[in-house]
Every structure is written in C-alpha cells, then in structure tokens.
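In: fold the following for me, if possible:
(2 chains)
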Amino acid sequence: MAIKTQPVTVNLGPQHPSTHGVFRMRVSFDGEEIVDVEPIFGYLHRGSEKLAEERTYTQIVTLTDRMDYVSSMLNNQAYILAVEKLAGIEPSPRGVWLRMIASELQRIASHLVATGFLLQDLGALGTPLIYTMRERENILDLFEMVCGARITNSYLRPGGVFMDAPKEFWPALDRGLDDIVNTIDELEEYLSGNEIVFSRTKGTAVLSQELLINASITGPMLRASGVDWDLRHRAPYDYYDKITFERKLHTASDNYARYWVRVQEARESVKIIRQCIEQIEPGPVRPSFDDVPRLIRPPAGDAYAAIEGSKGELGFYLVSDGGIAPYRMHVRASSLINLTLLRDMLIGGQFGDLFVTFGSVDLNMGEVDR
Amino acid sequence: MGQAFLDNSLWRNIYCVLAGDSASCAARDYSAGFLPGDMAWLAFLLTAAAIVGLFVNGVLGGVIVLIWGERRLFGRFQRRTGPNRWGPFGMLTSVADAIKTMFKEDVVPAEADRILFNLAPVLIAAPALLVFSVIPFGVGTYVADLNIGVLFIMAVTSLTTLSVLTAAWSSANRIAILSALRSIALLISYEIPMALALVGIIMLAGSMSLGDIIAAQNVPFIIVQPLAFFVFFLAAMAEMARAPFDLTEAESELAAGYLNDYASMKFGIFFLAEFMAEISTSAIVTTLFLSGWRGFDPIPSHFWFGAKLIAVLFVIIWFRMTLPRLRVDQVLKFAWKGLFELTLINIVVTAILIAIWPQPTTSQLWMMAAINWPVAIISIWGVSKLLGTPAYDKPQPDADKTSYPVASEEIPEASVYVVESTTPAQEGGD
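Out: Numbers count the residues shown, from 1 in each chain, chains lettered A, B, ... in the order given. You can find the predicted model right below:
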C-alpha cells in the first residue's frame, strides 16, 4: 500500500536563531529532505544607496560601515577606491599601507566570525563561536586604538586614512597577530580533525564550477571550488602588487571546502599584514587638504572599483554629475550575489544541513539588504 | 504492610520512628513510636509520603544545583566566568530564573489542543521522577528494589518520547512535529542498542535488580564491559537528546523544537525534566557501570555515589560543550550500523566468557576485562573505519601550484581563469 505523503511548508525566520540577521525562508520539505526553498529578504533595507545621493563623498564612508557590519574596513576600502578613481586622487603611501593592514585585520575578523557561526550552526553550543569571537575582540581592540571605533570604524578617507596609528599600536598588532595564529592553530586542531564536523560538512551542498561562475559567485565560495580568482591577485588594488601571498584553493566545493578556505585565508592575511608592517614608511597618512579638499567635487563621469572583500568581490559604482554628492551609487554586494545559489545548494539536501549550508555561504544581511 | 515493604533501611528507619511497630522493628532498638500502635497504616502512609517528598525534593534540588553547575562549567569551557551575580558564585541564578519563569505569561496557542497541551508537561515530569525510585543512592537509600529494575528503567525512560509527541502534536506547530518525529526516530533506534548493551551486565550479575548488579561489581563493570559502557553511554545521551544527539531541540535548526509554543512554568517543567533526565542517566550509568555507591570504607556510601554521579555529569556536560550536532540520518546510521553491531559483539564475547567462568570471582572479572578491552578497542576502531567520513581523494591543489608571488607573475586578462580541477571526491553522505 502506498502511503500518500505531501511536502510540509514551514516558515523559518525572520526571527530564527540561525538566520544571521533578519532573513526569511519558506522551506518545503518531505520528511527531512528539502524540496523547495524560497528566500525572502529585505527586512534590513535601510536605503543606503539612496541616502548616499544626499551626502558628501566623505560622509558616505559612514554609510558603508553599516552595510556589512562585520567587515566595515573592507567596505570603506572599496568605497574609497571608487572615490579615488572617480576624482583622480593620488593616495598617500602610508595611508594605503595603514588601510591595507586595517582591511586585512578586518578580513581575519570576518572569516573568524564566519567560521564561528558555521560551527554554531553545526550545533556546537557556542564554544567555538566564543573562541573565534574572542579573537575578533582583540582585532576590534586594535581598531579602537587606531581609529577610536570598534565596528563602524569610518577609518578611511579619500587619499588614505584620517589619522595615523598611535605608537603603542604596533607592538599590540604584533602580539595580536601571534594570538590570531595561535587561535587558528587551536581551532584547526580541535575542529578540522573532528569526525562530526567532517561528516556534517564534507560532500554537502556541492556546487559545480560552471554554476558558480555563471552565477558570478566570488570569494571563498568560488575558491573552494578550485577557481583561482582573487582580486588582490588578478587586479591588484592599493599595494597588493608589492605583497606575496598564497591563494588557497580547494577543489571539493562543499561546505567543508568553504570553511577550510576561510581558515587558510585568515592565515594568509596574517602574512600579508606582517609584510605590510615591514614595508610601511613614515609620512603623511592622507594628502593635505590643498590636494584633496574636504568637499570633493569629482568631474562628471562614473567609476567602478572592486576589492576582494571577505565574502567576495565587493564593488562600488559611483556616478558623479560634478556636484558634492554622487548622482548615483550602486554596490555590488557579494553577500546578495552569493545568496542566489541558495536554492541550488539546499534542494535535495537534508533539513539538518539547511543552516550549515546557509552559514557556509557567509552572508551578512546588512549587506544583502543594504 | 508486611515485612517485605520494610526491607530496606530507609523505609524501616522512618517507619519505626513513627510507629515503633514491634513486629517490624524487632531488630531495632525503638522503644516506642510517635504514633499509637494501632495506627500502623497511618505510619505507613506518612513514611511513603516522606520518602516521596524526600526523593522529589532531593532531585529538584539536585536539578537546581546542576543547572548552576552546568552554567558555570559552560563559562569555564568557553573562557568566561559564567553566572556570578546572584548569591555566592552565582548560585542563586537558577532561583532567580525559576521566579522569573513562574511570573511569565502562560500563553496557549489559539489552535492548540488545550487538554493535551497542558498534559504534556505532566507526562514528561512523571517518568523523569519515576526512574529515581529504583536507584540506590547509598546503602539502603532507595524507594524500591525491583527485581526487574533494569527493565523498569528502560520502560520508564522511553515514556519521555510520548510526552514530546503529545507536546508537539497539541501545539499545532509544524516545526514541533518535525522535532517529535526526530524524537521518535531516536527512541526507536537507540532503545535497541541501549537494551542490548545491558544484556552483558545482566548476564554477569545474573539479575535485573539494581541491588544485585551493584553487589556483583567487585570490579566496576566499566572495566569488565567497556564496549557495553561505550554503547550504553552514547545511547543514553541520544535517548535524553543531549548533544551531540540533540536533534529534537536542535537550537540552530528547529529553534526549540517541540518547546516552541510553551511558555511560563510549562516550559519550566520541560526544562526541569530535561535536567532530571540528565541526573537520572548519570545515576543509571553510575549504578550499572561504576559500581554505584560502593567504595572503600571510612567515606560513606552516599558520598561515593555522589562523587561518581558528578563525574558522569561532568562528562555529559563536556560532550555537550565540545561536540557539534550530528544530522538525523547520521545519528540513525550510527545506531543501526555502529552501536547495534557493537552490542552484538559484546553479547557474544560476554556469553563465551560466562560459559568459561559461570560464577566469576574478582580475579576472573579482571581476566574478563583483560579480554574485553582489546575486543572493545578493535571493534570500535573497526566500526569507526566503516562509518567514518572518507578523506578527500585530493584534499587541495598542489601547494606549488598556488603558492607563487603575485608581484612576479604576469597578470592575465580579466577573464575567468580556471585551475584544472579534479572532480570532488564522492562522499558517502549516507
């Protein structure tokens, strides 16, 4: 006798412990198997792109902080690069080195948060999350030393950064980097060899390279499938052409590969920061106000600048009509674009893997909705 | 009430103080009880009430202490302090929580089946308390020594699932139903290895009574029956839905599973029952595998039992704090393809050993342990090889290929450049 079954549809979110913000999914599942997923977002929409049209180029920096709030420095960097390109500003070398250090620190923080939350979604009741968050706290302390703010930094300015790092920053940074390496070692020792982590993440939510490229996915998700695509290497911005680093690739393209790539990239970021510390020279941290006025009036035109953000290619497209505010700003939000493959990853999978896969995408609702 | 009721010293002591019944208390030096001689029935009722009150309140007090201890331990495991505001070392935090929980509004969903919805907390609390009735907490400190004690424990602990199903069904919530389905799947899968794991112990002790099993443990059964302990401990963790098997209440998936719609003290009772289950499981493990209240002399038996209980609780909390959660299919696979086989191996080996030494003495128990440990290690290793996640064929591209400096390399045109990839290893997801 055949048993008549029909899929059950439930609503997950926007208030759900694992949706990394206010994200909502209508999930249909048959037993434990997911048959349909409908992502619904927009609950955190604040109209940043529209607000930017009413603000000067320097003021917009504060808006970019609040897009992807776990990687504000990277958002700042992408935006500032676009402004510099639009207005033709030549940045000060020390400012560039400082913002590279800041953005690489932010990349580590973001990857640690992603890893911690992935493990939290795996059901490890908070312990790995708190270990990684603790390390992130140290990084935020460094940010506090350098610019006075922890999360919404607004540290970067067109042409560099707004103030130099204090003297006590450098020894603290050195200690901090050692701590980060130790934490990552510890994390890998306990979790990268854990059978439950293996069995939960290996072979789940596998995506093909073709699909990833066609969907214009970037960042660790793409590199976990073996595509060697890192903007720091492919289209070096700032002084990344003076830096040597390994681009870590994995071929499995599953949840474990994404986790692995993030952890390894955090290690590489430490190396990058050490090279930055070696190469940084004294000097002004931003051009004088004669060269770059407070109120920038770029010539009419448009510019697109992209960086390798913690979640993928983070691009800012600015259109200027010659005024003090951009005519239009558009953000290529990597979180939103990486989210587009959610259905492909989830359908056919187990209900238990839903949030693990979701966590392995590493998205930030602030950036998705902007 | 005859002599049989008064067989154990806890009953007898309380009863004799009350009644001074010369027939039952002849061996004791009770000149007279508080009650007149013809009111023995009242003495019996009062004794029963006293013992039930003692156990229930003892267990609830234990739960309060356990919640506090678990939170403090969580803090330590996570490199933070844990609760430390209310009372010394934050010991009153649980009390504050209890008061808060009681004053919350008791919400019943509009579509809920009200009768079942209210019945479910009762259904979960009763079996969690019933288990304690057969556990000897010390010399003579037990409510009843059933001759089928082990069977009673197995039967009563399974009842928890019934209340989970009741709670899920009555709250008319799809996520809760999913949680209940998982709970039932866990029950069906883990009851079998759990029961079979105990067969070896029952064979060794020759009895299902917990008193006899403790008496047979001249060498603690964790040493004689390592495989049974391994299986029983994991199955018990699954049975009470503790991490890494906390599928019914998987916080990151189902929010709170079957508890989603419960508020106020109804939720509080579920919460209490969960911790009572933790204590009762530890007590069962202590009794069956760690020789219960036995220890050496100057230290009283209750202390021994408590110390072993806390040790087991610590291990359970440790598991919970460190391990991620398994997926449903993996949990079921682990039960049927892993633990089930291990118990069968254990039963066969133990049966052969019992055939050789029918009434094992202490030295013979040690010899059994010497045989059982290699068997356990080899079979657990074999099962882990069979069930373990295979490694990737090629974990990552060659280090040489990816580790070249950016500066020295010519940057290709901005087109997608794909490193030759190998097909990802086909993983046995199931």
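In: C-alpha coordinates for stretch B:129-137, CSV please?
Out: Extracted in CSV, the C-alpha atoms of stretch B:129-137 (Å, rounded to 0.1, in the frame of the first residue of the first chain):
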residue,chain,number,x,y,z
LEU,B,129,11.0,11.3,38.5
LEU,B,130,9.9,7.6,38.4
VAL,B,131,13.3,6.5,37.4
PHE,B,132,14.8,7.6,40.7
SER,B,133,12.5,5.2,42.6
VAL,B,134,14.7,2.2,41.8
ILE,B,135,18.1,3.8,42.0
PRO,B,136,20.1,3.1,45.2
PHE,B,137,21.7,6.4,46.3
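In: which residues are contacting that stretch?
Out: By C-beta atoms under 8 Å, 6 or more residues apart in numbering or on different chains, the list of residues contacting stretch B:129-137 from outside reads B:55-56, B:59, B:142-146, B:149, B:152-153, B:156-157, B:210-211, B:214, B:276, B:280, B:283-284, B:287, B:292-293, B:302, B:305. (C-beta placed from N, C-alpha, C; glycine too.)
In: go with 7 Å
Out: Stretch B:129-137 has contacts (C-beta atoms under 7 Å, 6 or more residues apart in numbering or on different chains) with B:55-56, B:59, B:142-144, B:146, B:149, B:152-153, B:156-157, B:210-211, B:214, B:276, B:280, B:283-284, B:287, B:292-293, B:302, B:305.
In: list the contacts for the residue of the stretch 1-150 of chain A at minimum distance from chain B?
Out: Among all residues of the stretch 1-150 of chain A, residue A:123 sits closest to chain B, at 2.6 Å; criterion: C-beta to the nearest C-beta. Residue A:123 sits next to B:243, B:246, B:250, B:252, B:324, B:325 when contact means C-beta under 7 Å, 6+ apart.
In: and chain A, which of the contacts of stretch B:129-137 reach it?
Out: Among these, no residue sits close to chain A (C-beta under 7 Å from any C-beta of the partner chain).
In: out of these, which end up buried?
Out: Among the contacts of stretch B:129-137, those scoring as buried are B:55, B:59, B:142-143, B:146, B:149, B:152-153, B:156-157, B:210-211, B:214, B:276, B:280, B:283-284, B:287, B:292-293, B:305 (criterion: 16 or more other C-beta atoms under 10 Å in any protein chain shown).
In: interface residues of the stretch 251-370 of chain A facing chain B?
Out: The stretch 251-370 of chain A comes close to chain B at residues A:251, A:252, A:253, A:254, A:350, A:351, A:352, A:353, A:354, A:355, as judged by C-beta under 7 Å from any C-beta.
In: run through the chain and note the low-pLDDT ranges.
Out: Picking chain A for this. In the predicted model of chain A, residues A:1, A:192 satisfy pLDDT under 70.
In: try again with chain B
Out: Applying pLDDT under 70 to chain B flags the ranges B:1-12, B:19-40, B:390-430.
In: looking at it, which helix is longest?
Out: Across chain B, the longest stretch assigned as helix under DSSP state H is helix B:40-77.
In: any buried residues in it, and which?
Out: B:40, B:43-44, B:46-48, B:50-51, B:55, B:59, B:62-64, B:66-75, B:77.
In: likewise stretch A:268-287?
Out: Buried residues in stretch A:268-287, counted by 16+ other C-beta under 10 Å: A:268-276, A:280, A:285-287.
In: among these, name the ones in helices.
Out: Using DSSP H, these in helices are A:268, A:269, A:270, A:271, A:272, A:273, A:274, A:275, A:276.
In: hang on, isn't the fourth one packed against residue A:245?
Out: It stands for residue A:271. Yes - contact status for residue A:271 versus residue A:245: in contact at 5.8 Å, counting by C-beta atoms under 7 Å.
In: ok, the nearest residue to residue B:121 once chain neighbours are set aside - how many residues close by?
Out: In this structure, residue B:121 finds its nearest non-sequential neighbour in residue B:269, 4.0 Å apart by C-beta to C-beta, 6 or more residues apart in numbering or on different chains. Neighbourhood size, residue B:269 [other C-beta atoms under 10 Å in any protein chain shown]: 19.
In: so who does the residue nearest to the spatial centre of chain B touch?
Out: The centre of chain B sits closest to residue B:281, judged by C-alpha atoms, centre = their mean, with a distance of 3.1 Å. Neighbouring residues of residue B:281 by C-beta under 7 Å, 6+ apart: B:236, B:240.
In: what helix or strand is it located in?
Out: helix B:264-289 (DSSP states H and E).
In: and the angle for that helix with helix B:40-77?
Out: Calculated by axes from the mean of the first three to the mean of the last three C-alpha atoms, to 10 degrees, helix B:264-289 forms an angle of 90 degrees with helix B:40-77.
In: so how far is helix B:264-289 from its chain's centroid?
Out: Relative to the mean C-alpha coordinate of its chain, helix B:264-289 is positioned 7 Å out (C-alpha atoms, centre = their mean, to the nearest Å).
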